[in-house]
Structures are given as structure tokens and as C-alpha cells.
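Novice: Next comes the sequence, and after it the predicted model I'd like to discuss.
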Amino acid sequence: MEEARAQPDQASDQVDQGEGLVLPEALVKTIQHFAPDFLPALARVKDPRNPDLIDYAIEHLLLVGILSFMVKAGARRNIKYLLGTRDFIENLKEIGGILYPETFFPDTLPHGDTLNYLLERVAVSRIEDLRTLVMRALLRGRCLEKFRLLDTYYLIAVDGTGCLTFTERHCPHCLKKTKDGKILYYYHPVLEAKLVTSNGMAFSIATEFIENEAEDVAKQDCEQKAFHRLAKRIKSDFPQLKICLLLDSLYMGEPIFKACADNRWAHMITFKEGSMSAVFKEYETLKGLAPENHLNARDLSVRRKERRQTFFWINEVPTDAERNLNVLECTDITAGEKRRFVWATNIPIDANRVVEIANEGGRLRWKIENEGFNRQKNGGYGLEHAFSMDNTAMKSFYVLLQIAHIFDQLMEKGNLLRERIQETMGSLKVFSRMLWAELTHSVVNPDRLRALLARRIQIRFDTS
């Protein structure tokens, strides 16, 4: 069990265990605990609207936007339908009055179109700054330190995913899918970098939107081009962070190796024979000449099923680019199912740490797909839903979704509500329904919430 922040526990045992807390209280306290500057930062986002013509402050709208993703509204129009109760409006006023005493929260709920109008005009970078603020707070607070590989590297998985598709051109930046010279559809993919952990968390740390510069480009944007833009973004936002990138076989090549070397990042890249066939053959040859680089391991802890693993590795395999690679292979037999994994890495490998590098490093790349994209597509977040037809607002909605997902995971894996999540809810999807019910059908006690926010407590992560 990890202690998320090293603080003296001045709260009662009841609050520390989350007993008696309602979900809105736990949510506000969780955000304040892990990222104390986030909620004040909403009010500091530069508002481009005419102040004489607005009814809802920017912090009001952004808060509604994040909550709409947390309760899985699913569409912009559903904000009014799902959240438009008297109790929810009263909760916004009570919570807003505590967090933003200088801001007026009216007796009405903004329509989703009002939020869209704002996001069409706010620079996407301002919304991305909010996510960066949260992730910096988690890292500086050493909340994720126990999940580092070899007690050194934070694991960042990078992968692309489809986001939005259209039968007709949506904007000049659309990519198009063609077959036999015929356009099948237009689409907007993204390249995501998520900080992944062994206990199943996948926090969005940076996003690069894959899009064409203009309508009639000779060559479309692609995932590999976007990677280099994404790498610059990560290095700029987290210049000192010790990173190990987890990449699929698409990234096997000198440009990616060089980018990692230039940024002083470690990497683990899925290595398939067809990616760099000459290097792969060289590894296979050297493996037979180095029987000492071999380890058998047995683990009975994987879902109570016997697991046997065999590891081979070769350091300093030469490549055509005058750059050597370390190659690690793992053959895994669990419950009779055999799988083989091979990675190329710049991390030196030896018998003392080969198991950790493989199991707590390379094999965690799939979490960006399962805990990341799959949950956001099928868990009610609406990753593939077009929350706006405006290109700028579309991107900002996407980033708000990522922020909401971060907060959901902090609550799911934190211990404030562990008993309720395990015994009553059991999943984020059910958790979101409970949050919606308590936000829309009961009103928080402002005095109780003020007292809770004034306390310093411990929130520990479930590391299972």
C-alpha cells in the first residue's frame, strides 16, 4: 500500500477511511489533496468572452464540463437533462461558494451549447495546462513514486487511437481513409501518452492531435510524425522527469532511438522480426551463443494460476545505425497458454532485474489500451462521440475527458471510498451512477465540506 502524500494525519480515522463521506465531498477533497492548485486554476483560465454578456463564469462552466464526463453524460445535450435538477444547481452554488467566494453561481444550469461556445474560443493549450498542472502535482507530491520501474523510471505508454469519424469532410484538417482511389471516410485520430502503473492506472500526460495542415496536402499527417511533436511537448512540460517509453513495433527505427537518446529517456519497444529483420536475426544468433543470459522463473500469484516464464537477453546487439540495442525475450506460459514477448531497449539487462524489466516494464504497455482507450470508449466517457463540430472545442472536450478520467482513477484507487467501491459499486461505471445520484438528488452540507477541506489527511493507493 502506498502513502500518496507524506503528511501528518490530522483527520479522524473516520474521515481517513472515508466512512460517512458522500461522493461529492470525497471528490472535492480528492482533487484538493492530490492537486491543490487545480480548482483555483479554473478561475485563472483567460476568458475571451465579453464579461458584460456572460451569465456563467469560466470556472463554473469548466467545472460542469468535467463533472459531465465523470457522471458519463455521453453527449453535450445530456448535460441539461442529466444534471438539471434543483439539487445539482444548489450543490454547484454551495461548492462554488466555498471554492470561489468571489464568483457568482446563478440559480440555473448552463446548457451544453454554452460550454461549447466557451471552448470554441479558449485556446486548447489553456485546457491542456490544467491537465499538466494535475500531473505535475502528482509527480512532485511523489504520489506515484512506488510505481517506478527499477525505482527510477516512470512508465509512459504511447499509442494512437481513432477518436472521431465522419462520412463527409469535417474540417480542412481531417485525415481521409481511401481504398482503390475512393474515399471511405474522414477521421481525427490522436496520439496519447499515458503514465501507466502496475495497479491499473493510466493517466493522460500529453496528447498530440494527428491532423493535416490543410485540405490538399501531398502527404497526410501520421502517428510517427506526431510522435516527435509529442516528445517535444513531454520534454517541455516535464523536463527533468526520468521516463521509460513503452512503444509498439511501429516505432522500431533510428529516428525514435535518437529522440529517446536526445531526451535521455529509456525505452522498451515491442520487437517483431519484420521490424528490423537483420537485427532480429543477429539477436537470435547471439542468443544461442550466450546460454548464461537465460533465466527460468515460476510465479504462483497470477490469479492463482501457475505461471512459468523463461527469459533470454542480449546486451549491445549492433545495428546499421552505429547504435547498439539490448534485446529481451520473455516466454510466458500461464494456465497452459503460451505467449512470447520480445522488446528492444536501451536499459542494460542482467539476471537480477530481467524479471522486473519484463513484467513491470514492457508488459504494462497494454494498459494504455485497456485502462485507457477501452475504458474511455466503452465505459461511458464517449471518447468516440463528437461533443463539438468545431475543431478547437472538439480538442478541448477531449482534454476535459482526460482530466475527468484522472480524477475518477484517483477516487477509484484511493482509500477514501475503497469500501464503498468494493462492496457497493465495484466499477467506475457504477461509481459514476452513484456520483450522479448524489450530485443531483441530495445537497452537500457546506459547513461539513469546509471542515473536511481544512483537514490534512492521508490517501493511500491500492497497489494490488
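Specialist: Cool, got the structure.

Novice: Where does the prediction get shaky in the stretch 51-200 of the chain?
Specialist: Across the stretch 51-200 of the chain, nothing is flagged by pLDDT under 70.

Novice: Quick one: list the elements packing against the longest helix seen in the chain.
Specialist: Across the chain, the helix with the greatest residue count (assigned by DSSP state H) is helix 391-413. Packing partners of helix 391-413 (3 or more CB pairs under 8 Å, 6 or more residues apart in numbering; DSSP states H and E): helix 23-34, helix 58-70, helix 112-121, helix 124-140, strand 202-209, helix 375-378, helix 428-441. All C-beta spots, glycine's among them, are computed from the backbone N, C-alpha and C.

Novice: Can I get those in a markdown table including distance to L247 and mean neighbour count?
Specialist: Conversion of the helices and strands packed on helix 391-413 to a markdown table gives the following (distance: least, CB to CB, whole Å; neighbours: other CB atoms under 10 Å):
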| stretch | distance to L247 | mean neighbour count |
| --- | --- | --- |
| helix 23-34 | 28 | 21 |
| helix 58-70 | 28 | 24 |
| helix 112-121 | 31 | 20 |
| helix 124-140 | 20 | 18 |
| strand 202-209 | 14 | 24 |
| helix 375-378 | 20 | 18 |
| helix 428-441 | 27 | 18 |
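
Novice: Tabulate these (CSV), appending distance to M276.
Specialist: Below are these laid out as CSV (distance: least, CB to CB, whole Å):
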stretch, distance to M276
helix 23-34, 41
helix 58-70, 41
helix 112-121, 43
helix 124-140, 33
strand 202-209, 25
helix 375-378, 32
helix 428-441, 39
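
Novice: Please parse this protein into its domains.
Specialist: 2-124+400-461, 271-353 (automatic domain parsing).

Novice: Tell me which of the ones you listed sits nearest to K367.
Specialist: Closest approach to K367 among the domains of the chain (CB to CB): domain 2-124+400-461, 11.4 Å.

Novice: picking that back up, looking at the domains of the chain, which is nearest to Q220?
Specialist: Among those, domain 2-124+400-461 sits nearest to Q220 (CB to CB), with 20.8 Å.

Novice: before we move on, back to that, point out the most buried one among the domains of the chain.
Specialist: Comparing the domains of the chain by mean neighbour count (mean count of other CB atoms under 10 Å), domain 2-124+400-461 comes out on top with a mean of 18.

Novice: how near is the nearest residue to S432 once chain neighbours are set aside to N346?
Specialist: Spatial nearest neighbour of S432, excluding adjacent residues (CB to CB, 6 or more residues apart in numbering): K72 at 4.6 Å. From K72 across to N346, the span is 40 Å (CB to CB, to the nearest Å).

Novice: same deal with N78?
Specialist: Distance from N78 to N346, by CB to CB: 47 Å.

Novice: One more: F257?
Specialist: Look at F257 and N346: by CB to CB, they are 8 Å apart.

Novice: wait, what's in contact with H173?
Specialist: Contacts here follow CB atoms under 8 Å, 6 or more residues apart in numbering; on that basis H173 touches 188, 211-214, 391.

Novice: Counting neighbours, which of these comes out on top?
Specialist: Taking other CB atoms under 10 Å to define a neighbour, the member of the contacts of H173 with the most is H188, carrying 22 neighbours.

Novice: follow-up on the earlier one: average pLDDT for the longest helix of the chain?
Specialist: For helix 391-413, mean pLDDT is 95.

Novice: Next, the angle helix 23-34 makes with that helix.
Specialist: Using axes from the mean of the first three to the mean of the last three CA atoms, to 10 degrees, the direction of helix 391-413 lies 100 degrees away from that of helix 23-34.

Novice: ok, back up a step: could the contacts of H173 go into CSV alongside distance to A157 and secondary structure?
Specialist: Shown next, in CSV, are those (distance: CB to CB, whole Å; DSSP: H, G, I helix; E, B strand; the rest coil):
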residue, distance to A157, secondary structure
H188, 21, strand
E211, 22, coil
N212, 26, coil
E213, 27, coil
A214, 31, coil
N391, 26, helix
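
Novice: out of those residues, what pair is the most spread apart?
Specialist: So, those by CB to CB: farthest apart are H188 and A214, at 15.1 Å.

Novice: I256 sits in which helix or strand?
Specialist: Secondary structure assigned from DSSP states H and E places I256 in helix 254-263.

Novice: in that helix, what's buried?
Specialist: 256-257, 259-260, 263 (16 or more other CB atoms under 10 Å).

Novice: Give the other helices and strands that that helix contacts.
Specialist: Helix 254-263 is packed against helix 223-237, strand 243-247, strand 266-270, with contacts defined by 3+ CB pairs under 8 Å, 6+ apart.

Novice: How about residues contacting that helix?
Specialist: Here helix 254-263 has contacts from 224, 227-228, 231, 235, 243, 245, 247, 265-267, 269, 319, 321, 323, 325, 346, using CB under 8 Å, 6+ apart.

Novice: cool, stretch 369-386 as well?
Specialist: Residues from elsewhere that reach stretch 369-386 (CB under 8 Å, 6+ apart): 69, 72-75, 157, 159, 161-166, 192, 194, 196, 200-202, 204, 394, 398, 401, 404-405, 428-429, 432.

Novice: So what would you say the end-to-end distance of stretch 283-295 is?
Specialist: This stretch, stretch 283-295, spans 17 Å end to end (CA to CA, to the nearest Å).

Novice: I would like the residues contacting it, please.
Specialist: Counting by CB under 8 Å, 6+ apart, 310-314, 317, 327, 329, 349, 351, 354-355 sit against stretch 283-295.

Novice: Out of those, list just those in strands.
Specialist: Using DSSP state E, the subset of these located in strands is 310-314, 317, 327, 329.

Novice: Could you dump these into a markdown table with pLDDT and distance to L53 added?
Specialist: As requested, the ones in strands among the contacts of stretch 283-295 are arranged in a markdown table below (pLDDT from 0 to 100; distance: CB to CB, whole Å):
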| residue | pLDDT | distance to L53 |
| --- | --- | --- |
| T310 | 93 | 68 |
| F311 | 95 | 65 |
| F312 | 95 | 67 |
| W313 | 96 | 65 |
| I314 | 96 | 67 |
| V317 | 94 | 64 |
| V327 | 97 | 62 |
| E329 | 96 | 64 |
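
Novice: Isn't F238 up against R136?
Specialist: Yes. Between F238 and R136 there is a contact at 7.4 Å, judged by CB atoms under 8 Å.

Novice: Ok, which of the domains of the chain comes nearest I368?
Specialist: domain 2-124+400-461 (12.2 Å).

Novice: Tell me how far that closest one lies from the chain's centre.
Specialist: 18 Å (CA atoms, centre = their mean, to the nearest Å).

Novice: From L230, how far out is I210?
Specialist: Counting by CB to CB - I210 and L230 are separated by 10 Å.

Novice: and for those two, which residues touch both?
Specialist: Residues touching both I210 and L230 (CB under 8 Å, 6+ apart): L191.

Novice: do you know how far the closest residue to D248 other than its chain neighbours is from I357?
Specialist: The shortest distance from D248 to any non-neighbouring residue, by CB to CB, 6+ apart, is to T270 (4.9 Å). Separation of T270 from I357 (CB to CB): 14 Å.

Novice: now do C244
Specialist: Taking CB to CB, one finds C244 at 9 Å from I357.
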